[in-house]
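Asker: Test case, fold it:
(one chain, ligands or ions: 4)
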Amino acid sequence: MSDSVSLHEITDFAQALALEAGELIRHERDHNTLRTDYKQQTELVTHADIMADEFITGAIRKRFPEHRILSEETMPDLTQAEHIDTPLWVIDPIDGTVNYAYGHPQVAVSIAYAERGQVQAGIVHAPFAGQNGKGETFRATRGDGATLNGQAIRHSNASELRQALFATGFPYTKDALEPLLKRLDAMIHQCRDLRRMGSAALDICWVACGRLDVYYENVSPWDFAAARLIAIEAGAHAGHFGEVPENQPADLWGKDILISSPKLWLSVREVLRNASGY
Ligand code: 2AM
Ligand code: CA
Ligand code: CA
Ligand code: CA
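Answerer: Ligands and ions are numbered 1, 2, ... in the order given. Prediction:
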């Protein structure tokens, strides 16, 4: 670990950054006209994504200049297996940009901290959620449980597929949609219902606190790194329904991820593997 900074201090630091970025995002939506650009096909980026990214990465670089940063908007190209011995921050400044641009509340700032490819601390902060719009902050430090606004959280008790409320998402580029629709078809037939809410980080945190039973998708490290630790620390089961290449840390490998209440995990994996032809 860096110097003599404890993991709790790291988590506190990440939480302070996420809350401040949340304020920035809220302020921009309330007081300024959102400027949106297209990144590719249907993917948007707003000036608030860039501002929040610069704020978070700048603050990390100032406090921990020797650490590395993997961030969606400014540094998305770091190979995950590279420099595995250097502490790594994995940032999504706004997870749910389409929701943000449309005024929907399902939006989060996600900050994860990893050592040797293993996530040690995670914060997912939803600035527009919760009672009176005060925000909801999910937090975990490895080995120390997970909380929502300071209260311990736990996964649901669902044990059968027909009880399972599941969430997933669809990529901005639609060329790989066919296998996703096959999985969706299989899941819809066997589970209770689907929610497609548009923030992967919050979907996973909602599995952690029992508002959902299952989440699966193909995503990028910044979408899930923090939330996956929060789910694990809340007792949920996190893994992959496909294979993880040997040279990739499972904590940062976003293909075919599956996170659910523990009793559902194996049966959902079977449904998804069959539908994928694995
Ligand atoms: P973003 O808002 O940071 O781009 C998983 O669905 C994640 O991928 C989301 O959290 C979102 O992250 C992004 N995403 C990819 N395709 C999307 C789509 N069609 N609509 C909304 N979000 C999408
Ligand atoms: Ca994006
Ligand atoms: Ca994202
Ligand atoms: Ca984003």
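
Asker: Could you use CA atoms for every contact and neighbour count after this?
Answerer: Fine.

Asker: burial measure for the closest residue to residue 224 other than its chain neighbours, as a count.
Answerer: For residue 224, ignoring the flanking residues on the chain, the nearest one in space by C-alpha to C-alpha, 6 or more residues apart in numbering is residue 201 at 5.3 Å. Using other C-alpha atoms under 10 Å, residue 201 is surrounded by 30 other residues.

Asker: ok, now which ones touch residue 201?
Answerer: 95, 108, 110, 124, 223, 224, 226, 227 (C-alpha atoms under 8 Å, 6 or more residues apart in numbering).

Asker: same deal with residue 122?
Answerer: Neighbours of residue 122 in contact, by C-alpha under 8 Å, 6+ apart: 11, 14, 110-113, 139-141, 225-227, 229-230.

Asker: hmm, back to that, out of the contacts of residue 201, who's nearest residue 6?
Answerer: Nearest to residue 6, judged by C-alpha to C-alpha, of the contacts of residue 201 is residue 226 at 17.6 Å.

Asker: Tell me the spacing between the residue nearest to that closest one when sequence neighbours are not counted and residue 245.
Answerer: Nearest residue to residue 226, sequence neighbours excluded (C-alpha to C-alpha, 6+ apart): residue 122, at 4.0 Å. Between residue 122 and residue 245 the computed distance is 24 Å (C-alpha to C-alpha, to the nearest Å).

Asker: Repeat that for residue 116.
Answerer: When distance is defined by C-alpha to C-alpha, residue 116 is 16 Å away from residue 245.

Asker: Which of these two has more residues huddled nearby?
Answerer: Between residue 116 and residue 245, counting by other C-alpha under 10 Å, residue 116 is the more crowded of the two (15 against 9).

Asker: and stretch 257-274, anywhere near ligand 1?
Answerer: No. Using C-alpha under 6 Å from any ligand atom, stretch 257-274 never reaches ligand 1; the gap is at least 11.2 Å.

Asker: Over to stretch 50-58?
Answerer: No. In this structure, stretch 50-58 remains apart from ligand 1 according to C-alpha under 6 Å from any ligand atom; the gap is never smaller than 11.3 Å.

Asker: buried residues in that stretch?
Answerer: Buried residues in stretch 50-58, counted by 16 or more other C-alpha atoms under 10 Å: 51, 52, 53, 54, 55, 56, 57.

Asker: Tell me the secondary structure at the residue in the stretch 151-278 of the chain positioned nearest to ligand 3.
Answerer: Evaluated by C-alpha to the ion, the stretch 151-278 of the chain has residue 223 as its residue closest to ligand 3, separated by 4.3 Å. Using DSSP: H, G, I helix; E, B strand; the rest coil, the three-state assignment for residue 223 comes out as helix.

Asker: That one - how many residues pack around it?
Answerer: When neighbours are defined as other C-alpha under 10 Å, residue 223 has 31 of them.

Asker: Please tell me I have it right and it contacts residue 92.
Answerer: Yes. Counting by C-alpha atoms under 8 Å, residue 223 touches residue 92, with 6.3 Å between them.

Asker: can you list residues touching both of these two?
Answerer: Common neighbours of residue 223 and residue 92 (C-alpha under 8 Å, 6+ apart) are residue 110.

Asker: While we're on whatever residue of the stretch 1-150 of the chain ends up closest to ligand 3, how confident is the model there?
Answerer: Distance from ligand 3 to each residue of the stretch 1-150 of the chain (C-alpha to the ion) is smallest for residue 95, at 4.0 Å. pLDDT, the model's per-residue confidence, is 98 for residue 95.
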